[in-house]
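Asks: okay, structure incoming, though there's no sequence with it:
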């Protein structure tokens, strides 16, 4: 168990996820025996992580120090900030503090995993102050592509540490939704911010991100030209966007059908919390769509990123139960493909096109705006907070580096800026900061499948890549350890390893190798070690197959032991 | 003398200049017997105001109420905010409060007019608070294309009235110069702003204006490519720009020569106040330029707007005493032509081109940025101030209207927004605002010539236009009123009225008309009224000339009266 190598009077700030990546955000403030955890997200793996559903933090350190953790504070309800909670709560049950919209999403998530009963969920408002023994936490309202985005200020004995959460400065949100609380941010700055840890996502964009007001104007222009049905696809959690689409649809006298579970949930939460005001009589069941003329229908659906199981993909493929593309339909993408999704979105658009729908793209038609602030907004945050020390967070390393450069332009000297990695520990006093330690266990954990606990290690990922590239060779044998005898096998079975399919010679040679590997083990050792036996089989087979084919398939030894001596 | 038609508990806010125009800014806050005047600028007339040097406010109302005026508060040192002081101080001597840079410019201005001895000039800093009997004034730091730009907050018994002055939000000014004080603005907003009167200049630009940091980067790029002499032309008062140019020049090891009186003054003020840090040994006399190789010379000069008497125009024309264009020279315009100056700037560029210089344009090469904030910055100001009532100022009416629309997007309802004209009086209490009156005397005064008091009326301007278009016809006569006799004349002299040059007939007919006009006057009236006589002459000549030529030249009756009966 690691003890941080810092002085007793120093406050530690470290990330277990979020640095050098967009995803699995988790930042911690630690002072003596108190830890405040900010966010607990997942990372959606890129294609090379085959079959991995999520990547989460390795939070061994937090599990070991779980008695110190006073709270998990949530900045907003996106998956890269709350998606890890069902995993984390299995190991550490601490109170979760969150704004109303994120809380609603967290509840749904925990309910699915049967964790809701034991979880301690506490709703916070912008003005809530959480007091612990040595530290306290306050909040400030920001804007992002989801309602109730909050920045977090942790007040420590050495000074205030601000973690912005994800933010843009939307000065003109739609429908009277609240704008960023500049007064509160400026007051934090005026009272003194020791460390600012700020969202770096759009650090490479020399701009002030467009307001949702601007998107709204363009959604109106697009809608005004559409005579048939409108199928509106966006992120479900972007309630601002749902608000704009529903407002414009109602202006045109359209009825609104909601398709896709996450969209249904988001709209229910938005209605409940007052971010959406769609009258009950305007909402129709997807089964009723055909009772209305096309020009009186708006369908809001999930799947804007080309997710294969989402509503829009099924609609495009003609496999959706209630909705089929018909002539005159227009599909409006109020989104932009996340880099990894470009191909699947393009395929989706092609399918929609073939099915006969018009497609209106996001950025091209000004009906999408980023949820993260550009350089000007990052500078504005820096000027509002006037921090002594600065740490760019939430971004890949080149984004963090650019953000640090922006901080320099606002007058923060090099020695006061810290671009760190996950696990690095920044130790702070009211007038000093240094990278003092590294949390050794910090790293990635791969989650395979939907259930809690199905974690996958790094070796598995490498094997899956090999599997996909080279195939698999399995060696099967049943070994009697008492009599030192091979009871069955060895048999060699291969899948996806083309060379072996084509060559009985090679299968025979492999069989031979395994046979001798087992016999040699019997001879060489008094006590048979099953793992050592397996390693020997793999090693000998690898050598043989590489020598004969130049390939390295995944080798799986499946030796069954009977009559073990122990 | 007009008494404002407002209630005794109401605070009045009105403009005597600055609404519906870019220029002659003058805004007043009046509560009972106290008036605070904000700014006192001139307007530079467009070409149609022939021979008029400046337009100033008609401040008859303020002269009549001069005992109430407690202060003139200056937001910054541009001519459209301080240029009227020499005229105003002639009639009303009240204390002038100003930041250091503007104060330095005001001093120079008043010294020229021999007004410095009697003027009461008081330097203010951002943190100064001016306390009067019923109102007080505080300031907040903004950024603009001149140092020491201040916003003004007038604290009245009904609430705080904020006048922003000219501003942009330059979050990354150059050379460590101060950035806008967001904390102070936000604190004003938090404590409650009754009325925000905000700069509308760039209300039509949907942007966040570029920072001087960005200009600096591009000046460096431009300078790096120049091998010969650099002649750098910009507004003298844009000390930021002078800082960037001098810093980059020194990086290249260039000596700096300053040419043009206003540039000399600005650099002296900038050096004194610490906004510029050019070592004495780097500054050289323009006469010494030829002692240095071309690649070691930067010439900073006035005349970026093509002003005919400024240094750059004379350099281009080959009439400058010390500097002639030589091959390899590059003239860098770190400015953009003000709309009215496009033609003269183009002519200047042509001349420089003919003389053999390379010319680098401002916006084209990213070496100019506006000093006024775009829509995003106007929205940011609105969000920081959170005013109850809003009034767009400093702009033409279409700019004011767009600015009002932006205020709507930040949640200020129509009934709380006031787009007014010069002279309109907004009467405010802590929870009401209404346009209650209009200052009857509000209007334009034309200043002809450089000396105080040479004011010109509207009719003159019309006449000059006619003169330029149609020429002038003068009728001269000497009339003995005692004997009812025409002693000399009438003679008809014309200038620029082509028809009369070509026709002795017409001259004769005109002579005839004037003769009978005088004789008829003798007959019809017992007592001769000189003005009536002149009117009759003009009227009869106008009819004649229009009937014969279809033209309406300016008619000047020059009747000299002798032996007047009175």
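Replies: Received, thanks. Since the model is a prediction, treat every value here as computed from it, not as a measurement.
Asks: list the contacts of the residue of chain A at minimum distance from chain B.
Replies: Across chain A, the shortest distance to chain B (C-beta to the nearest C-beta) belongs to residue A:186, at 3.3 Å. In this view, the C-beta of every residue, glycine as well, is placed from N, C-alpha and C. Taking C-beta atoms under 8 Å, 6 or more residues apart in numbering or on different chains, we find residue A:186 in contact with A:384, B:182, B:183, B:185, B:186, B:187, B:384.
Asks: kindly report the same for residue A:193.
Replies: By C-beta under 8 Å, 6+ apart, the residues touching residue A:193 are A:153, A:159, A:160, A:161, A:162, A:385, A:386, A:387, A:388.
Asks: note down every partner strand of the helix or strand where the third one lies and its orientation.
Replies: If I follow you right, that is residue A:160. Assigned by DSSP states H and E, residue A:160 belongs to strand A:159-163. Partner strands and pairing direction for strand A:159-163 (DSSP bridges) are strand A:150-156 (antiparallel), strand A:195-199 (parallel).
Asks: need the residues that contact it.
Replies: Strand A:159-163 has contacts (C-beta under 8 Å, 6+ apart) with A:11, A:13, A:27, A:29, A:38, A:75, A:151-154, A:188, A:191-198, A:385, A:387-388, A:393, A:428, A:430.
Asks: filter those residues to the buried ones?
Replies: Neighbour-count burial (16 or more other C-beta atoms under 10 Å in any protein chain shown) applied to these gives A:11, A:13, A:27, A:29, A:38, A:75, A:151-154, A:188, A:193-198, A:385, A:387-388, A:393, A:428.
Asks: give me the next element, helix or strand, following the strand holding residue A:160.
Replies: As assigned by DSSP H and E, the chain's next helix or strand after strand A:159-163 is helix A:182-191.
Asks: just want the angle from that following helix to helix B:182-191.
Replies: Relative orientation of helix A:182-191 and helix B:182-191, computed by axes from the mean of the first three to the mean of the last three C-alpha atoms, to 10 degrees: 130 degrees.
Asks: which positions in helix A:182-191 come out as buried?
Replies: The neighbour-count check on helix A:182-191 (16+ other C-beta under 10 Å) flags A:182, A:183, A:184, A:185, A:186, A:187, A:188, A:189, A:190 as buried.
Asks: tell me the mean pLDDT over it?
Replies: Mean pLDDT, helix A:182-191: 98.
Asks: stretch A:318-332 spans what distance, first to last residue?
Replies: 18 Å (C-alpha to C-alpha, to the nearest Å).
Asks: how about residues contacting it?
Replies: Under the contact criterion C-beta under 8 Å, 6+ apart, stretch A:318-332 has outside partners A:219, A:222-223, A:226-233, A:245, A:259, A:286-287, A:289, A:294, A:299, A:301, A:311-312, A:314-316, A:352, A:355-360, A:367.
Asks: partners of residue A:153 in the sheet?
Replies: residue A:138, residue A:162.
Asks: list the contacts for it?
Replies: Residue A:153 sits next to A:137, A:138, A:139, A:140, A:160, A:161, A:162, A:188, A:193 when contact means C-beta under 8 Å, 6+ apart.
Asks: need the residues of chain A near chain B, please.
Replies: Taking C-beta under 8 Å from any C-beta of the partner chain as the criterion, chain A approaches chain B at residues A:169, A:171-172, A:176, A:179-180, A:182-183, A:185-187, A:189-190, A:207-208, A:213, A:376, A:379-380, A:382-384, A:386, A:406, A:409-411.
Asks: and those, which of them are buried?
Replies: A:169, A:171-172, A:179-180, A:182-183, A:185-187, A:189-190, A:208, A:213, A:376, A:379-380, A:382-384, A:386, A:406, A:409-410.
Asks: quick check: buried residues in the longest strand belonging to chain A?
Replies: As assigned by DSSP state E, the longest strand anywhere in chain A is strand A:485-495. Neighbour-count burial for strand A:485-495 flags A:486, A:489, A:490, A:492, A:494 (criterion: 16+ other C-beta under 10 Å).
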